[in-house]
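Asks: sequence? don't have it. structure:
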Ligand SMILES: O=C(O)c1cc(C(=O)O)c2c(n1)C(=O)C(=O)c1cc(C(=O)O)[nH]c1-2
Ligand SMILES: [Ca+2]
């Protein structure tokens, strides 16, 4: 079917509608990028080939658009008939002319600043959906919004979190993933399992915003009906895979669907990619019993009703934050002489899975990164064969895990080229040390609730500890053969946390890196053919499109997300990347230039000399519990949020309490903590930060004694 104008109005009926048909036949309209993964198969392959291996060396900046949020940018822009729609940090959206970057309209849903700490990992937003003349996106405070795509005017807005899901102080729900559309319904999940959450997805009518159905990914704590599409499968199948007691009954169990959620027109199924357990600690969560369905699984449901069809669990007994939320891609692969329609998946746990898309049957699996938690997969069922040492909540020992909680692959999109038959995975290695929280599970309102020892999760500031950890930090692209289940080749990067990938008909891969460079590689062999200095780390995936018949490649630039937030100083392995957020677009005849930038970031300011040593240990514990996840491990920042060691706020007890206790900076994303900490606890944090400032001031000053006066990673002991 030829649908020449995807914008033509269609009724949102139970069929595909004009937009759905246009997405299914995306290759008839390669000028557009109509849905998150470009097509329903989410292969992130574009047939465009004006830019190709022979001319990509001449690629130039065509335009840039500076954003008004200098935090992590993770969005996949959509392009519809010459307009580029980009969602940005703080859930804002910009409609830009795709050929010039000129602003057509923007929309700010005014997410309140004090909700920033209700999500684990920066106030990011990964993208939007387009359907029938409207754009749809989620907001960090839990809304789903529909706007007129032409004008940016509000059509409808709905709150996606039901009352029963938000029960109690210890639960938290944020929306930062991109919605997807299936047959006139907008599908959206949410995050929150690091705090306390019970995962679910909702389907809303695209025209009216009315809730159609909801599917919970983990059981009701009393095994009662939720009056949701998931009732029967949860009560009959999933509940018995949990202990009737354990912290999950209060915390919600987890299983949040914060990234991938895909409709497949071939099987007419929706695939739900389910996250980790809440709390992480399996012993505390569920008395160390059961597989805990549907944590770490892909679940398939019917688009019209949400009715359960099949599931495949990749990480039973999750205790490592091994989410299976990572990108679901469908492919047609030759397997034992026949072509099969399969899902390929590279979740955090480090294994690459090929499963039958219609039935969920396991076909094959192999580790795409080094991993130490499993001895392999059962060849029949795909179930991991555990390394007993990795079951830290059961054996009571510490466990240095690879992959760690950030996974062998996180939200950065992978791509597939039908010309090379390879899947290109933005892979990484970031280890994590797990140890049980001392004295059993204790929930802290307003902070992460994992059931782990947050002191152990941090890195001691000794050259030996740093060197050992940094040696294990790695990032690369692995070109993976999904049939042979092995790597064809690799491209090594300086460190982890690089952007997503797009593959093109010009036999190119485009990827932005943590060090701020944007690259084009040869898709057949990984040869580096082009790079551009974008001035800030890139973690988002590029898109490519045509405007006035000319090919562009665009990407959101902006260093952030959980890696620099939590790891702090050691997250600088790829270099010193401060945040300058913008959208950049390239073409072969571009003429734009980026202005010079201040790359110095937060300069060291001599901290007060005196501090109270009696409370700094306590301060360290409180800091790691409440502050580290945003301001960096052990009070060292990584270039995005203020580095507290040099903050004016630490100079006076009252001034510090005004910010931390009374919320003087809530408008900027700094919540108030007087409900969760006493003034003494807050003061102990101040004393600890002053101590850290004193311990590290001279080192940071010395590290800037170079002609650019930006921190030299080598002299901070953080190069590999
Ligand atoms: O369990 C969850 O609910 C949840 C949510 C999110 C999120 O919403 O961003 C992340 C994670 N987990 C997570 O484990 C993770 O590694 C992660 C990285 C990021 C990011 O955007 O940098 N978000 C999240
Ligand atoms: Ca998580």
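Replies: Noted; the coordinates are in hand. Just so it is clear, the model here is predicted, and its values are computed rather than measured. Numbers count the residues shown, from 1 in each chain. Ligands and ions are numbered 1, 2, ... in the order given.
Asks: residue 526: what secondary structure?
Replies: On the three-state scheme (DSSP: H, G, I helix; E, B strand; the rest coil), residue 526 is labelled coil.
Asks: please apply the same query to residue 376.
Replies: Remark: residue 376 carries the secondary structure label strand [criterion: three-state DSSP].
Asks: not counting residues beside it along the chain, what's closest to it?
Replies: Excluding its sequence neighbours, the residue lying closest to residue 376 (Cβ to Cβ, 6 or more residues apart in numbering) is residue 385, at 5.3 Å. Quick note: C-beta positions are derived from backbone N, CA and C, even for glycine.
Asks: now the biggest helix by length in the chain: buried residues?
Replies: Identified as the longest helix of the chain according to DSSP state H is helix 679-703. Neighbour-count burial for helix 679-703 flags 681-694, 696-697, 700, 703 (criterion: 16 or more other Cβ atoms under 10 Å).
Asks: and the residue nearest to residue 376, how many neighbours?
Replies: Number of residues near residue 385 (other Cβ atoms under 10 Å) recorded here: 9.
Asks: again, but for the one 10 residues further on
Replies: Other residues near residue 395 come to 12 when the count uses other Cβ under 10 Å.
Asks: where's it relative to residue 316, distance?
Replies: Applying Cβ to Cβ, to the nearest Å, the value for residue 395 to residue 316 is 17 Å.
Asks: same question, residue 287
Replies: Per Cβ to Cβ, residue 287 is found 15 Å from residue 316.
Asks: same check on residue 123?
Replies: Distance from residue 123 to residue 316, by Cβ to Cβ: 32 Å.
Asks: looking at these two, which is more packed in?
Replies: With neighbours defined as other Cβ under 10 Å, residue 123 and residue 316 compare such that residue 123 has more, 26 against 17.
Asks: so that one, which state does it fall into?
Replies: coil.
Asks: would you mind measuring from it to residue 664?
Replies: Separation of residue 123 from residue 664 (Cβ to Cβ) stands at 19 Å.
Asks: kindly report the same for residue 569.
Replies: Between residue 569 and residue 664 the distance is 26 Å, computed by Cβ to Cβ.
Asks: of those two, who's got more company?
Replies: Neighbours per residue, other Cβ under 10 Å: of residue 569 and residue 664, the larger number sits with residue 569, 26 against 16.
Asks: secondary structure of that one: a helix, I assume?
Replies: Yes - note on residue 569: a helix contains this position according to three-state DSSP.
Asks: residue 626 is in contact with residue 677, isn't it?
Replies: Yes - here residue 626 reaches residue 677: they are 6.7 Å apart, a contact under Cβ atoms under 8 Å.
Asks: let me see the contact set for residue 700.
Replies: For residue 700, the contacting residues are 604, 645, 711, 716, taking Cβ atoms under 8 Å, 6 or more residues apart in numbering as the criterion.
Asks: and residue 21, backbone torsions?
Replies: For residue 21, the backbone dihedrals are phi -60, psi -40 (criterion: degrees, to the nearest 10).
Asks: any idea how far it is from ligand 2?
Replies: The spacing between residue 21 and ligand 2, counted by Cβ to the ion, to the nearest Å, is 36 Å.
Asks: residues near that residue, how many?
Replies: Other residues within reach of residue 21 by the criterion other Cβ under 10 Å amount to 17.
Asks: got it, and residue 136?
Replies: Neighbour count for residue 136, taken as other Cβ under 10 Å: 25.
Asks: now swap in the one 10 residues further on and tell me
Replies: Other residues near residue 146 number 24, with proximity taken as other Cβ under 10 Å.
Asks: pretty sure it sits in a strand.
Replies: Yes - counting by three-state DSSP, residue 146 is located in a strand.
Asks: hang on, the earlier thing: pull the contacting residues for the residue nearest to residue 376.
Replies: 374, 375, 376, 377, 378.
Asks: try it again with 6 Å
Replies: With contact taken as Cβ atoms under 6 Å, 6 or more residues apart in numbering, residue 385 is in contact with 374, 375, 376.
Asks: any idea how far ligand 1 is from the first one?
Replies: Translated: residue 374. When distances are taken as Cβ to the nearest ligand atom, to the nearest Å, residue 374 and ligand 1 turn out to be 19 Å apart.
Asks: could you number the chain from 41 rather than 1 from now on?
Replies: Noted, 41 is the first residue going forward, which turns the last one into residue 414.
Asks: that residue is in contact with residue 428, isn't it?
Replies: No - Residue 414 is not in contact with residue 428 according to Cβ atoms under 6 Å; the separation is 10.8 Å.
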